[in-house]
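[1] Build me a model from this:
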Amino acid sequence: MATCTGHFTAGGSIKFGDNRWVDEAHFWLNGYVNKQNCRIWSEANPQVYVETPLHPEKLTVWCALWAGGIIGPYFFKNDEGHNVTVNGDRYRALITNFFIPELRKQDVQELWFQQDGATCHTARATIDLLKDTFGDRLISRFGPVNWPPRSCDLTPLDYFLWGYVKSLVYADKPQTLDHLKDNIRRVIADIRPQMLEKVIENGTSRLDCIRASRGSHRLEIIFKM
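    Coordinates of the predicted model:
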């Protein structure tokens, strides 16, 4: 995998392709998609209703994405092997036991690490761990470089990965969480580097648009494949 380097210019712009973006998402066995956390683009504005599962079965899935590839998926489980949601302790265990060992397998230098402002990401113990690992190359709330809150449309996992994966993993109507896991692994493994290059190109154009508008909300930003 190519060496990954990154920097910030004096104007504060990000070299988008050199960031390692990380995030989690819920995958519900019944196919429910929370459209507040997952951007799915369409030429028309559909009439959407929201289903709330009464007894939800779901997986909490983590991935890291950059121009050179995807690390993951990682499924959160407790010591008994049961599927669980993420909290600060589980997130730090992920970073220490999974993400950092995976990084060491790659030729990565001067890597920037970016995460959103979820509470499990920004607990003091978590930020201290990330600072120890990445130094000043941390883009996060309470980190050396702040990232604007509520910026889903600038995060590749939100504007591309989760929506893309969820659009495919339910095609054969999985009936068990293990089946759903297999589908998630397969779909992510099938994402080619050329597609990720386009994802990062789109992210760069989004940043240019936001900078030109001085950070105002842009309804016309679309994802182009």
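[2] Surely P101 forms part of a strand?
    No: using DSSP: H, G, I helix; E, B strand; the rest coil, the assignment for P101 is helix, not a strand.
[3] neighbours around it, how many?
    P101 has 9 neighbours, counted by other C-beta atoms under 10 Å. For every residue, glycine as well, the C-beta is placed using N, CA and C.
[4] can you check the one 3 residues further on too?
    Burial of R104, expressed as a neighbour count using other C-beta under 10 Å, amounts to 8.
[5] Would you mind measuring from it to Q114?
    As judged by C-beta to C-beta, to the nearest Å, R104 and Q114 stand 19 Å apart.
[6] what sits up against stretch 180-189?
    For stretch 180-189, the external contacting residues (C-beta atoms under 8 Å, 6 or more residues apart in numbering) are 27, 29, 59, 61, 63, 70, 72-73, 75, 161, 164-165, 168-170, 172, 174.
[7] at 10 Å what do you get?
    Residues outside stretch 180-189 that contact it (C-beta atoms under 10 Å, 6 or more residues apart in numbering): 25, 27-29, 31, 57-59, 61, 63, 65, 70-73, 75, 83, 161, 164-172, 174, 176.
[8] where along the protein do the helices fall?
    Using DSSP state H, the helices of the chain run over residues 88-94, 100-104, 119-122, 124-134, 156, 162-166, 177-189, 193-212.
[9] name the helices or strands packed onto the third one?
    The criterion is 3 or more C-beta pairs under 10 Å, 6 or more residues apart in numbering; DSSP states H and E, and the helices and strands that helix 119-122 contacts are strand 19-28, helix 88-94, helix 124-134.
[10] CA atoms only for it - export them in CSV, please.
    Presented in CSV, the C-alpha positions along helix 119-122 are these (Å, rounded to 0.1, in the frame of the first residue of the first chain):
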residue,chain,number,x,y,z
THR,A,119,-18.8,11.0,23.2
CYS,A,120,-16.9,7.7,23.1
HIS,A,121,-14.4,9.3,20.7
THR,A,122,-13.8,12.4,22.8
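[11] ok, residues contacting that helix?
    Contacts for helix 119-122 (C-beta under 10 Å, 6+ apart): 22-24, 85-92, 94-95, 115-116, 126-127, 130, 140-143.
[12] Out of the helices of the chain, which is closest to E110?
    helix 124-134 (9.9 Å; C-beta to C-beta).
[13] in the closest one, what's buried?
    Of the residues in helix 124-134, T126, I127, L129, L130, K131, T133, F134 count as buried by neighbour count, 16 or more other C-beta atoms under 10 Å.
[14] Same list, those residues, but as a markdown table with pLDDT please.
    A markdown table is the format used below for the buried residues of helix 124-134 (pLDDT from 0 to 100):
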| residue | pLDDT |
| --- | --- |
| T126 | 96 |
| I127 | 96 |
| L129 | 96 |
| L130 | 95 |
| K131 | 95 |
| T133 | 91 |
| F134 | 91 |
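[15] Would you mind listing the two of these that lie farthest apart?
    So, those by C-beta to C-beta: farthest apart are T126 and F134, at 12.1 Å.
[16] Spell out which residues are contacts of both of these two.
    S140.
[17] Only the buried subset of the contacts of helix 119-122, as a PyMOL command please.
    The PyMOL command for the buried members of the contacts of helix 119-122 (criterion: 16+ other C-beta under 10 Å) is given here:
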select buried, resi 22+23+24+86+88+90+91+92+94+95+115+116+126+127+130+140+141+143
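[18] And the helices of the chain: which comes nearest P149?
    Of those, nearest to P149 by C-beta to C-beta is helix 119-122, at 10.8 Å.
[19] And the closest one, how far out from the chain middle?
    Remark: helix 119-122 is offset 14 Å from the chain centroid, using C-alpha atoms, centre = their mean, to the nearest Å.
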